[in-house]
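>>> coordinates only, sequence not included:
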């Protein structure tokens, strides 16, 4: 381990796999059919456009727990892209703390605190009933590494959309805002 600026260097990586979407062309009354996982090549732009799959955030070699709605491969990408984009907007405004609610009842919240070049990450109690994780309190890493990991995640995600659902590249690129 070595130091970058004033904080210890700890690797941050954001990876994804197993992208899928819902069959949104099925009428809502046939709920079971509309909730089937289908390939993202079937994506189309409407109010139900969702990409799900598995996201892993790895900090210092440890995978962040508690992602996914019903299972690890059921993470809503739109929600997490929006939340991470907001995190960087908040930090760019000079604010130094941002908490992301877990996105589903019973999931914990994820607290990011920025102090200079360092970010401290904690899993905390959420408004939705999720509980803090004592093993994930004030985990330190560099802000630069977090930004780099998010940019690499964005580029890989957009490249995947470009290959599998080219009609949706503009739609998903806009979700990332300036990042």
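Arrived safely, thanks for sending. Quantities reported herein were computed from a predicted structural model and do not represent experimental measurements.

>>> what residue ranges in this structure score low on pLDDT?
Applying pLDDT under 70 to the chain flags the ranges 1-10, 24-34, 46-48, 66, 103-105, 178-179.

>>> what ranges do the helices span in it?
In the chain, the segments counted as helices under DSSP state H are 31-34, 77-92, 143-164, 169-175.

>>> Can you lay out the ones you listed as CSV showing mean neighbour count and distance to residue 53?
For glycine as for every other residue, the C-beta is placed from the backbone atoms N, C-alpha and C. Shown next, in CSV, are the helices of the chain (neighbours: other CB atoms under 10 Å; distance: least, CB to CB, whole Å):
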stretch, mean neighbour count, distance to residue 53
helix 31-34, 11, 18
helix 77-92, 17, 7
helix 143-164, 17, 10
helix 169-175, 14, 13
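
>>> which one of those lies closest to residue 49?
Using CB to CB as the measure, helix 169-175 is the one of the helices of the chain that comes nearest residue 49, at 6.8 Å.

>>> Now do residue 160 against residue 44, distance only.
According to CB to CB, to the nearest Å, residue 160 and residue 44 sit 17 Å apart.

>>> sorry, back to before: now distance to residue 130 too, for the helices of the chain, in CSV please.
Output for the helices of the chain, formatted as CSV (distance: least, CB to CB, whole Å):
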stretch, distance to residue 130
helix 31-34, 26
helix 77-92, 15
helix 143-164, 22
helix 169-175, 25
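
>>> and the longest strand for the chain?
strand 12-22 (DSSP state E).

>>> I'd like to know which elements that one is packed against.
Strand 12-22 sits against strand 37-38, strand 52-59, helix 143-164, with contacts defined as 3 or more CB pairs under 8 Å, 6 or more residues apart in numbering; DSSP states H and E.
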